[in-house]
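[1] below: sequence and its predicted model.
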Amino acid sequence: MSSTLSDRQAIWAFVLGCVAVTAGVCAHLPMFAMARAMHYHLAGMPMDRMMISGMGLIIAGVFVAAYGLLPRNVAAQRAVAADIVVAAPEDAHLGASHWGLMAILVIALVIDVMKPASLGFTVPGMVSEYGVPKKTVSLVPFFALAGTVAGSVLWGWIADIYGRKASILLSAVMFVGTSICGAMPSLAWNIAMCFMMGAAAGGMLPVTYALLAEMMPNRHRGWSLVLVGGLGAVGGYFAASGLSAVLQPIFGWRILWLANLPTGLILVVLGAFIPESAKFLLARGRAQEAEAVMRRFGSKARHASAAVIAARTGSHALSGLKLYGKLAALSMCALTWGLVNFGLLLWLPADLVAKGYSVGVSSRLLAESALIAFPTVFIAALLYSRWSTKWSLVTMVAVTMLGLLLVLRLELAGGGSPVLPVALLIVGTNGIIAIVLPYTAESFPLKVRGRATGWVAACTKSGGLFAQALTISGIILSMGLSSALIMVPTLLSLMLVAWFGRETRGSDLRDLDADSGQIGHVEML
């Protein structure tokens, strides 16, 4: 942690900001505790001075913490960083440092993913407490997803300026602040705080992937990204459903947001065990610290040649049917994931409650589904690294398709246990999201790689935004009809990936650049 906080504007400012945000959240807890006799219903209650002061502390604390983490001489740092490439050798072995980093980032992603995953488990309680229709409550997940879109762009920029590790710390501070969503007496305040929560969560996955890509040996990069991303996604859903099953029957739906306080603080503490980016350290002129990090992870620093820099800044136009076909296939695959994850699965808890299940029972059923999905993440990582990158993605889309068919069958039968259909959906969708971004990065030449990966990442959010927009407009679809409609893009993505997908296992990414007329090389720094 001392390495991260050195060479910043002010260590004391970051610590003071963390304390201010935590104090601001704690200022909201007395109002929540006083509502115990009403089963923690706060709708319509006025905000007292302590709560208003607490909100001021949170806003000020976030800005103070951000100032404290801001590096000095940012302009010079960015100019130097543009000419540095850090990567592990192809034949490096995995050591304790690699496994430790993967374990820490899995925990960080679990905490990150459980925030938006909790949305579905809070919907029945919000509909009941605020006395509004489902389409109105849909504004909460809609703005949360809009926040993740904004966060995906914002945190990529922040990570370049602050460094990977510091950006995770700043995201954690924002997580802590957004926990006051659980004490907001009006739906409008919940919507605003959920946008902030989404903005804080949106950039964690790209930052995690960037850190892993820099630290992991090339031959282990693909499966490690799949494993960490998959475990984080399944673990986040399991954590959200598990907390809902245990705590919501006692404290109501608001406790799921207040849980951001301890989990966000845990994420701040975990920051002490995340290594600082070697590229960031080199750009800051801290060569000895960078060399220590690279020795731990077997990485090497390289200097980008003029040809590579020219390729980055040259033409970015996609050309050829194969490139357009791959982009369309992976975009459709990402869109399908968004429709299932932020559409079907998000409304599933409310649908189960509407069918007569209690909140505790429905949450427990979904937690069991997520628990079943855990082992399959390892299978997905194994298939991706040992069998086929292309057909692993096709397999996960096919599993998602099977889950949709079983959900449709469940609706047509009028009853039955949702555990297996939901488990298949969790397995398939988390396999898709764990594979599709690494696979995209390995499928496009350097001159369009960043734009293609960013576009596919945006498509994952677009599916969810479209699903929530339908509900906001008053179009309420049953689970069966929703499943049937989502089968169309799922089947289309299955066929497109099978047709246009390219096998990337064991291939050299420079071959893509050669195919596109791009010639470049790197020289040792």
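    Alright, I've got the coordinates. Numbering: from 1, shown residues only.

[2] now Lys322: how far from Tyr439?
    According to C-beta to C-beta, to the nearest Å, Lys322 stands 15 Å off from Tyr439. From N, CA and C alone the C-beta is placed, and that goes for glycine too.

[3] more crowded one of these two?
    For Lys322 and Tyr439, the more surrounded residue by other C-beta atoms under 10 Å is Tyr439, and the numbers stand at 27 against 13.

[4] convert the helix or strand containing that one to CSV, retaining C-alpha atoms only.
    When secondary structure is defined by DSSP states H and E, Tyr439 falls within helix 419-441. Below are the C-alpha coordinates for helix 419-441, written out as CSV (Å, rounded to 0.1, in the frame of the first residue of the first chain):
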residue,chain,number,x,y,z
VAL,A,419,-32.9,-24.6,-10.0
LEU,A,420,-31.7,-26.4,-13.1
PRO,A,421,-32.9,-23.9,-15.7
VAL,A,422,-31.4,-21.0,-13.7
ALA,A,423,-28.2,-23.0,-13.1
LEU,A,424,-27.8,-23.5,-16.9
LEU,A,425,-28.5,-19.8,-17.5
ILE,A,426,-25.9,-18.8,-14.9
VAL,A,427,-23.4,-21.3,-16.3
GLY,A,428,-24.0,-20.2,-19.9
THR,A,429,-24.1,-16.5,-19.4
ASN,A,430,-21.1,-16.4,-17.0
GLY,A,431,-19.2,-18.6,-19.4
ILE,A,432,-20.0,-16.1,-22.2
ILE,A,433,-19.0,-13.0,-20.3
ALA,A,434,-15.8,-14.7,-19.1
ILE,A,435,-14.8,-15.8,-22.6
VAL,A,436,-16.2,-13.1,-25.0
LEU,A,437,-13.9,-10.2,-24.1
PRO,A,438,-10.6,-12.1,-23.9
TYR,A,439,-11.6,-13.9,-27.2
THR,A,440,-12.4,-10.6,-28.8
ALA,A,441,-9.0,-9.2,-27.8
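
[5] quick one: mean pLDDT for it?
    Within the predicted structure, the mean pLDDT of helix 419-441 is 82.

[6] tell me the angle of whichever helix or strand comes after it relative to helix 419-441?
    Beyond helix 419-441 on the C-terminal side, the first helix or strand identified by DSSP H and E is helix 446-472. With axes from the mean of the first three to the mean of the last three C-alpha atoms, to 10 degrees applied, the angle from helix 446-472 to helix 419-441 works out at 150 degrees.

[7] about what we covered before: quick one: list the elements packing against the helix holding Tyr439.
    helix 204-215, helix 218-251, helix 321-339, helix 345-354, helix 359-382, helix 389-413, helix 446-472 (3 or more C-beta pairs under 8 Å, 6 or more residues apart in numbering; DSSP states H and E).

[8] and the ones you listed, which one's lowest on average pLDDT?
    Comparing mean pLDDT across the helices and strands packed on helix 419-441, the weakest is helix 204-215, with a mean of 70.

[9] quick check: the residue nearest to Val497 when sequence neighbours are not counted vs Val399, distance?
    Of all residues not flanking Val497 in the chain, Ala329 sits nearest, at 4.6 Å (C-beta to C-beta, 6 or more residues apart in numbering). Ala329 sits 17 Å away from Val399 when distances are taken as C-beta to C-beta.

[10] likewise Met114?
    With the distance defined as C-beta to C-beta, Met114 ends up 23 Å from Val399.

[11] what's the angle between whichever strand or helix holds Gly480 and helix 321-339?
    Element membership for Gly480, per DSSP H and E: helix 479-500. Relative orientation of helix 479-500 with respect to helix 321-339: 160 degrees, computed using the same axes, to 10 degrees.

[12] what's helix 479-500 in contact with?
    Taking contacts as C-beta atoms under 8 Å, 6 or more residues apart in numbering, the residues outside helix 479-500 that touch it are 322, 325-326, 328-330, 332-333, 335-336, 339-340, 343-344, 347-348, 351, 390, 393-394, 397-398, 400-401, 404-405, 407-408, 410-412, 477.

[13] can you turn the buried part of those into a PyMOL selection?
    Below is the selection syntax for PyMOL that covers the buried ones among those, with 16 or more other C-beta atoms under 10 Å defining burial:
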select buried, resi 325+326+329+330+332+333+335+336+339+340+343+344+347+348+351+390+393+394+397+398+400+401+404+405+407+408+410+411+477
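
[14] please, where are all the helices along the stretch 51-200 of the chain?
    Across the stretch 51-200 of the chain, reading from the start of the chain, the helices by DSSP state H, counting those that start in this stretch fall at 74-81, 96-117, 119-130, 134-137, 139-162, 164-178, 187-202.

[15] so for stretch 122-137, mean pLDDT?
    pLDDT averaged over stretch 122-137 gives 84.

[16] right, I mislabeled it, should have said stretch 285-303
    When pLDDT is averaged over stretch 285-303, the result is 75.

[17] may I see the buried residues of that stretch?
    For stretch 285-303, the buried set under the neighbour-count rule, 16+ other C-beta under 10 Å, comprises Arg286, Glu289, Ala290, Val293, Met294, Arg296, Phe297, Gly298, Ser299, Ala301, Arg302.

[18] out of these, which are inside helices?
    Taking DSSP state H, the ones among the buried residues of stretch 285-303 that sit in helices are Glu289, Ala290, Val293, Met294, Arg296, Phe297.

[19] not counting its neighbours along the chain, what's nearest the fifth one?
    Same thing as Arg296. Counting by C-beta to C-beta, 6+ apart, the nearest residue to Arg296 once its immediate chain neighbours are dropped is Ser97, at 4.5 Å.

[20] and the pLDDT at that neighbour?
    For Ser97, the pLDDT comes out at 84.

[21] quick check: it vs Leu282, distance?
    If you measure Ser97 against Leu282 using C-beta to C-beta, the figure is 18 Å.

[22] look at the two and report which has more neighbours.
    Neighbours were tallied for Ser97 and for Leu282 using other C-beta under 10 Å; the higher tally belongs to Leu282 (23 against 15).

[23] now name the helix or strand holding that one.
    helix 278-283.

[24] packing partners of that helix?
    Contact analysis of helix 278-283 by 3+ C-beta pairs under 8 Å, 6+ apart lists helix 74-81, strand 84-87, helix 287-297, strand 300-304 as its packing neighbours.

[25] so what's Trp391 up against?
    With contact set as C-beta under 8 Å, 6+ apart, Trp391 has these partners: Leu383.

[26] please renumber the chain so that the first residue is 673 from this point on.
    Sure, I'll start numbering at 673, so the last one becomes Trp1063.

[27] from Ile1104, how far out is it?
    From Trp1063 over to Ile1104 the distance is 13 Å, taken as C-beta to C-beta.
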